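Asker: sequence plus predicted model, see below.
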Amino acid sequence: MIHSAGPYVLASVLVALGLYGVLARRNAVLVLVGAELLLAGGGLLLVTAGALGPDPSWSGQVLTLFVITIAAAEVVVALAVIVAAYRRRGHIDLAEDAE
């Protein structure tokens, strides 16, 4: 059995880095990377809680597969929006006003 502190600490580090990436960055691609780190931290937390819970079952792993699927769809849509914005505006800086 794994020690419970390690995965929880790693999940909290991933969520903290993702939150920093979403809130402090101005580049749209880096904001997207921050959102993916948030989802990865949440997925790790689901798997850890499912494995270390009182009734270990496959629910954490199954929910994590759904999170990964939704994250893949989110990346596709977000990158399409970022490419369209770059073609229209010439940059992907989120802090500058649209013309």
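Answerer: Received it, and whenever you're ready, just let me know what you need. Here the structure is a predicted model, which means the values were calculated and not measured. Numbering: from 1, shown residues only.

Asker: model confidence at the most centrally placed residue in the chain, what's the number?
Answerer: Central residue of the chain (CA atoms, centre = their mean): residue 36, 2.4 Å from the mean position. On pLDDT, residue 36 comes in at 93.

Asker: nearest spatial neighbour of it, chain-adjacent residues omitted?
Answerer: If the residues on either side of it in the chain are set aside, residue 36 comes closest to residue 71, at 6.3 Å by CB to CB, 6 or more residues apart in numbering. Quick note: C-beta positions are derived from backbone N, CA and C, even for glycine.

Asker: ok but that neighbour is inside a helix, no?
Answerer: Yes - judged by DSSP: H, G, I helix; E, B strand; the rest coil, residue 71 forms part of a helix.

Asker: that one and residue 53, how far apart?
Answerer: From residue 71 across to residue 53, the span is 23 Å (CB to CB, to the nearest Å).

Asker: among the two, which residue is more densely surrounded?
Answerer: residue 71 (17 against 11; other CB atoms under 10 Å).

Asker: my guess is that one contacts residue 38. True?
Answerer: No - applying CB atoms under 8 Å as the test, residue 71 and residue 38 come out as separate, 9.5 Å apart.

Asker: at which residues are the helices of the chain located?
Answerer: With DSSP state H applied, the chain shows helices at 5-24, 28-52, 59-89, listed in chain order.

Asker: mind listing what residue 60 touches?
Answerer: Residue 60 is in contact with 46, 47, 48, 49, 50, 51, 53, counting by CB atoms under 8 Å, 6 or more residues apart in numbering.

Asker: return stretch 56-75 as PDB; C-alpha atoms alone will do.
Answerer: Extracted in PDB, the C-alpha atoms of stretch 56-75 (Å, rounded to 0.1, in the frame of the first residue of the first chain):
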ATOM      1  CA  PRO A  56     -11.100   0.600  -2.800                       C
ATOM      2  CA  SER A  57     -12.900   0.300  -6.100                       C
ATOM      3  CA  TRP A  58     -12.500   1.400  -9.700                       C
ATOM      4  CA  SER A  59     -14.600   4.600  -9.300                       C
ATOM      5  CA  GLY A  60     -11.500   6.900  -9.000                       C
ATOM      6  CA  GLN A  61      -9.900   5.400 -12.100                       C
ATOM      7  CA  VAL A  62     -13.100   5.600 -14.100                       C
ATOM      8  CA  LEU A  63     -13.800   9.200 -13.200                       C
ATOM      9  CA  THR A  64     -10.200  10.000 -14.100                       C
ATOM     10  CA  LEU A  65     -10.700   8.500 -17.600                       C
ATOM     11  CA  PHE A  66     -13.700  10.900 -18.000                       C
ATOM     12  CA  VAL A  67     -11.500  13.800 -16.900                       C
ATOM     13  CA  ILE A  68      -8.800  12.900 -19.400                       C
ATOM     14  CA  THR A  69     -11.400  12.600 -22.200                       C
ATOM     15  CA  ILE A  70     -12.900  16.000 -21.400                       C
ATOM     16  CA  ALA A  71      -9.400  17.500 -21.100                       C
ATOM     17  CA  ALA A  72      -8.500  16.200 -24.600                       C
ATOM     18  CA  ALA A  73     -11.700  17.700 -26.100                       C
ATOM     19  CA  GLU A  74     -11.000  21.000 -24.200                       C
ATOM     20  CA  VAL A  75      -7.400  21.200 -25.700                       C
END
